[in-house]
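Colleague: No sequence on hand, only this structure:
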């Protein structure tokens with residue numbers, strides 16, 4: 001009789017260990033992915049920008065640009081040639097907001113950005129801020145970031161079923177090899193497979209446009225090694241133009 005409690009206790013410990021082991025193996029699968037959540041940013045300027053974008057929808061755009069500062073900076077005074085040469089013909093609405101991550105774009109899509117429009121093409125370029133450890137606490141893994149980008153594409157498909165998506169690979173970053181750029185490149189490999197999952201998605205990587213003869217980011221086109229300047233933006237839409245025209249004419 002005295003051995004029974006010891007045996008029961010041993011079995012209890014063994015059973016508890018098995019449960020904990022199973023639980024620990026399932027945790028990563030059940031982990032919430034911040035990059036695929038819906039997050040409204042703080043700041044009056046951000047909300048004003050969101051409202052400004054919504055006010056532009058009355059133009060009945062054929063083309064929308066979904067992204068962050070890489071699109072937002074198209075509204076600088078020295079980018080007018082990009083508009084006259086490539087964008088005005090489609091009544092383009094620029095939906096870029098500086099500093100946005102995938103989760104912020106998801107919130108905007110769910111809160112009026114696409115209301116009452118039916119564009120032929122949505123160009124999506126997003127993700128580099130998700131890998132920025134200097135300005136954000138959370139850095140996405142390639143898998144998390146790819147899932148956030150896919151959610152954006154999926155929401156676009158749900159809300160704009162007649163719209164084709166031109167998904168642009170995350171642009172190169174930095175003047176030398178770095179962890180952030182490595183995550184971006186790994187993410188691009190994952191998102192390049194999205195057309196197999198969703199026929200509305202068409203993937204293109206134009207990163208080579210910004211690489212010089214030494215294999216580094218060209219400072220003449222990206223002075224801060226992140227944002228295209230006026231010439232860099234012209235080259236961007238020169239590289240995208242044939243795909244945009246093809247998708248709009250289909």
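Modeller: Everything's here; your move. Quick caveat: nothing in here was measured; it's all calculated off a predicted structure.
Colleague: which regions of the chain sit below the pLDDT cut-off?
Modeller: By pLDDT under 70, the low-scoring segments of the chain are 1-29.
Colleague: in it, which spans are strands?
Modeller: When assigned using DSSP state E, the strands of the chain occupy the ranges 63-67, 93-96, 121-125, 164-168, 201-204.
Colleague: residues touching the nearest residue to residue 109 once chain neighbours are set aside, list them.
Modeller: Taking CB to CB, 6 or more residues apart in numbering as the measure, residue 109 lies nearest to residue 155, with 4.9 Å between them; neighbours along the chain are not counted. In short, each C-beta sits where N, CA and C put it, glycine included. Neighbour list for residue 155: 106, 109-110 [criterion: CB atoms under 8 Å, 6 or more residues apart in numbering].
Colleague: Which of these sits closest to residue 247?
Modeller: Each of the contacts of residue 155 was checked against residue 247 using CB to CB; the closest is residue 109, at 19.5 Å.
Colleague: give the contact list for that closest one.
Modeller: Contacts of residue 109 by CB under 8 Å, 6+ apart are 66, 152, 155-156, 159.
Colleague: returning to what we had before: looking at the contacts of residue 155, which are in helices?
Modeller: Judged by DSSP state H, helices contain the following of the contacts of residue 155: 106, 109-110.
Colleague: ok, residues contacting stretch 79-97?
Modeller: Counting by CB under 8 Å, 6+ apart, 46, 49-50, 53, 56-57, 59-75, 104, 108, 113, 117, 119-121, 230, 233-234, 237-238, 241, 244, 248 sit against stretch 79-97.
Colleague: Give me the buried subset of those residues.
Modeller: The neighbour count (16 or more other CB atoms under 10 Å) marks 46, 49-50, 53, 57, 61-74, 104, 108, 113, 117, 119-121, 230, 233-234, 237, 244, 248 as buried among the contacts of stretch 79-97.
Colleague: Just those residues: which are in helices?
Modeller: Checking these against DSSP H, those in helices are 46, 49-50, 53, 69-72, 104, 108, 230, 233-234, 237, 244, 248.
Colleague: With respect to residue 32, which of these is nearest?
Modeller: The shortest approach to residue 32 among those belongs to residue 104, at 16.4 Å (CB to CB).
Colleague: Please name the nearest non-neighbouring residue to residue 195.
Modeller: residue 201 (4.9 Å).
Colleague: Kindly report the same for residue 173.
Modeller: Nearest-residue entry for residue 173: residue 181, 4.6 Å, with adjacent residues in sequence omitted and distances by CB to CB, 6+ apart.
Colleague: Just to check, the one you found is in contact with residue 187?
Modeller: No: in this structure, residue 181 sits apart from residue 187 without contact. The criterion is CB atoms under 8 Å, and the distance is 10.5 Å.
Colleague: which one of the ones in helices among the buried ones among the contacts of stretch 79-97 is nearest residue 148?
Modeller: Sorting these by how near they are to residue 148, with CB to CB, puts residue 104 at the top with 10.2 Å.
Colleague: Could you measure from the closest one over to residue 163?
Modeller: Spatial separation of residue 104 from residue 163 under the definition CB to CB, to the nearest Å is 20 Å.
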